[in-house]
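Colleague: coordinates only, sequence not included:
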């Protein structure tokens, strides 16, 4: 499964302190309405799993621009 659940998205939002890696603030409404999406830090294409340490919330536009590429970990919880 390569989609994050609502519970996982809530956990990610809390761990990220409601900010993206670009220091953009977001709300739960942004998550629910799809303007913020859950993304895999290490892409599924590169073997990434749908887990909290491999996830992050980001603005839809930036997620779509990133595509299937992997990112470097940014938040402490992603660094294990």
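Modeller: Okay, I see it. Nothing here was measured: the structure is a model prediction, and the numbers come from that model.

Colleague: look up phi and psi at the residue lying closest to residue 74 once chain neighbours are set aside.
Modeller: Counting by CB to CB, 6 or more residues apart in numbering, residue 21 is the residue found nearest to residue 74 once chain neighbours are left out, at 4.2 Å. In short, each C-beta sits where N, CA and C put it, glycine included. Torsion angles at residue 21 (phi, psi; degrees, to the nearest 10) stand at phi -60, psi -20.

Colleague: read off the pLDDT value for residue 21.
Modeller: With respect to pLDDT, residue 21 scores 97.

Colleague: again with residue 4
Modeller: 97.

Colleague: what comes up buried for stretch 50-66?
Modeller: Under the neighbour-count criterion of 16 or more other CB atoms under 10 Å, stretch 50-66 has 54-59, 63 buried.

Colleague: got it, and stretch 30-37?
Modeller: 30-31, 36-37.

Colleague: residues in contact with it?
Modeller: The contact list for stretch 30-37 (CB atoms under 8 Å, 6 or more residues apart in numbering) reads 9-10, 13, 20, 26, 57-60, 63.

Colleague: in helices, which of these fall?
Modeller: 9-10, 13, 60, 63 (DSSP state H).
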